[in-house]
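**Q** When you get a sec, could you give me coordinates for this:
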Amino acid sequence: MSPDLKLAKIFWFVTAMFALIASLGGAIFRDIYNGLFPPEFLPGAFPQDVITILVSLSLFYLIKTTKQNDIKKQIIIIGLLGSLFYLYGIFTIEMVYNSLYLIYAAAFSSSFWSIIYSLSGFKSKSFAGLKISKAMIRTSAYSSIFIAIIFTFLWIMALIPLMQSHNRIEFLYSIYILDLCFVMPAFFITAVMSLRNKSLGILLAPVIMIVGFFVIFPLGLNELAKPSFGMQINFGPMIVSFLFAFFMLVVATLHLKKLSIE
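**A** So this is what the prediction gives:
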């Protein structure tokens, strides 16, 4: 999909390097987030950094092994870049002003432009031989629409009282921005494109599911880590987070498995 794979790999490498530096810094210097996030979210900082380290290393492997015709690998790469865009979008928007803030901003920016460049060479004629079952298209599309509706409704219901009281919350407002302005529209748009049999929508369907997995899964890990911080696990949110995360992972995996590109 990328117009120039060599240049795309440079974009990907730069993003992965920024993410690796940021996540290693957080994993090594455990108090770097103190006072910058709500206390109830600090238990998940270390697991999140470990996941990001693994994502960065996976990107390095994919960068080395991906060839021009490895479309499925490029789909996975874009999904991983999307997860970094979301994570470091939170760090940047939330003004996590520690010694790594400029790295967060760099990872946020480079992941966004890496995705843009990766998709800039897309030509529908190149995917005339794309094959996937109608059942899989519908499964991915309706799942995406369901997720978009659920989270859009939840976030709007959470925002309405803030709007009515003119209340500016101190933490986690970035999630409303990223979800309502970027992620949920992406779920909905890719679903509509897929149902209309548009090749770009079909290719991006697993991308948005990969992003969703890496957004939701760490929330469950945050709950699991709470006892080590003297906090109680909220089993309801933890179970819901893991169910949503693994559902999206399964849909993305099945979609990629069923996808045939000739």
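**Q** Let me see the ranges of the helices in the stretch 51-200 of the chain.
**A** 71-93, 101-119, 134-165, 173-178, 184-195, 199-225 (DSSP state H, counting those that start in this stretch).
**Q** pLDDT of the next helix or strand after the last one, averaged?
**A** Read that as helix 199-225. Downstream of helix 199-225, the next assigned helix or strand under DSSP states H and E is helix 235-258. The average pLDDT within helix 235-258 is 97.
**Q** which helices and strands does the very next helix or strand once past helix 235-258 pack with?
**A** Using DSSP H and E, the helix or strand that directly follows helix 235-258 along the chain is strand 260-261. Strand 260-261 sits against strand 130-131, with contacts defined as 3 or more C-beta pairs under 8 Å, 6 or more residues apart in numbering; DSSP states H and E. For glycine as for every other residue, the C-beta is placed from the backbone atoms N, C-alpha and C.
**Q** Packing partners of the strand it packs on?
**A** helix 199-225, strand 260-261.
**Q** Let's have the helices of the stretch 51-200 of the chain in JSON lines, adding mean neighbour count.
**A** Shown next, in JSON lines, are these (neighbours: other C-beta atoms under 10 Å):
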{"stretch": "helix 71-93", "mean neighbour count": "23"}
{"stretch": "helix 101-119", "mean neighbour count": "20"}
{"stretch": "helix 134-165", "mean neighbour count": "15"}
{"stretch": "helix 173-178", "mean neighbour count": "16"}
{"stretch": "helix 184-195", "mean neighbour count": "20"}
{"stretch": "helix 199-225", "mean neighbour count": "23"}
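**Q** if we can go back for a sec, for the helices and strands packed on strand 130-131, give me TSV that also has distance to residue 9.
**A** As requested, those are exported to TSV (distance: least, C-beta to C-beta, whole Å):
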stretch	distance to residue 9
helix 199-225	18
strand 260-261	20
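**Q** rank the ones you listed by pLDDT, which is bottom?
**A** strand 260-261 (a mean of 88).
**Q** Other residues contacting it?
**A** 71-72, 127, 129-132 (C-beta atoms under 8 Å, 6 or more residues apart in numbering).
**Q** Try it again at 6 Å.
**A** Strand 260-261 has contacts (C-beta atoms under 6 Å, 6 or more residues apart in numbering) with 71, 130-131.
**Q** cool, stretch 189-200 as well?
**A** 122, 124, 127, 130, 137, 141, 144-145, 201-202, 204-205, 208.
**Q** and if we set it to 10 Å?
**A** 1, 119, 122-130, 132, 134, 136-148, 201-209, 255, 261 (C-beta atoms under 10 Å, 6 or more residues apart in numbering).
**Q** which phi and psi does residue 129 have?
**A** phi -90, psi 10 (degrees, to the nearest 10).
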